[in-house]
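Enquirer: fold the following for me, if possible:
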Amino acid sequence: MSTSTATLVKQKVKTLAERLRNFRVYHRYLGLILGLFILISSVTGILLGWKKDIDLLQPPTQKGVTADLQQWLPLAELSARSLAGLDSAAAITNNPIDRIEARLDKGIVKTIFKEGSWEVQLDASTGKVLSVARRHSDWIEKVHDGSIISDLFKLVSMNVLGFGLLVLSSTGFFLWFYPKKIRKIKSE
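Expert: Take a look at the predicted model:
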């Protein structure tokens, strides 16, 4: 190998080694910064994946008498019965309704309240209270996406997490690829 070729090879190796050191620094510090967010997101994501299978996370969906919408009570009456059911079972009054979800195939409605992650399930045709329970999956989801702090925090943290994971993936690839390339250059 001539001196100029050897110098060129050494220069290539030196350049790649410098890039590798920089990628290690970026990868290390970004990984440390994002580590807590990734841990929280991972643990809460696992819990959310199991929410339909673990009754503590989300109450099981009950079954009503009929799925025929013609026989269902009016929404206003169902919401009043949900409020009364929450008050009766958990002694909670003045908790505003967040939403009412109809489960047509089950013949029920789920009333989800804004405060305390409460849910009341009613038979949609009789208005009978079938279940009053907490939906722990709701607050876990808020922790998962950052909205437990604020919507702005959710927006910023999810973007930082997403872009951070892209950078970690990229730098991780180069941390794997550059040593291979350096060994190949040195062997030639």
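
Enquirer: so residue 133 is in contact with residue 59, correct?
Expert: Yes - using C-beta atoms under 8 Å, residue 133 is in contact with residue 59, at 4.0 Å. Glycine gets a C-beta too; all of them are placed from N, C-alpha and C.

Enquirer: quick check: neighbours shared by these two?
Expert: Each of residue 119 lies in contact with both residue 133 and residue 59 under the rule C-beta atoms under 8 Å, 6 or more residues apart in numbering.

Enquirer: wait, residue 119 touches residue 108, no?
Expert: No - counting by C-beta under 8 Å, residue 119 stays clear of residue 108, with 11.1 Å between them.

Enquirer: please identify which of these two sits among more neighbours.
Expert: residue 108 (25 against 22; other C-beta atoms under 10 Å).

Enquirer: ok, and the closest non-adjacent residue to that one?
Expert: Leaving aside its sequence neighbours, residue 108 sits nearest to residue 64 (C-beta to C-beta, 6 or more residues apart in numbering; 4.3 Å).

Enquirer: how about residue 86, what does it touch?
Expert: 92, 95, 111, 113, 118, 120, 132.

Enquirer: what strand or helix carries it?
Expert: In this assignment (DSSP states H and E), residue 86 forms part of helix 75-90.

Enquirer: now swap in residue 122 and tell me
Expert: Per DSSP H and E: strand 118-123 holds residue 122.

Enquirer: work out the gap between that strand and the centre of the chain.
Expert: 24 Å (C-alpha atoms, centre = their mean, to the nearest Å).

Enquirer: now do that strand, average pLDDT.
Expert: Strand 118-123 carries an average pLDDT of 96.

Enquirer: buried ones in it, by neighbour count?
Expert: Buried residues in strand 118-123, counted by 16 or more other C-beta atoms under 10 Å: 118-123.
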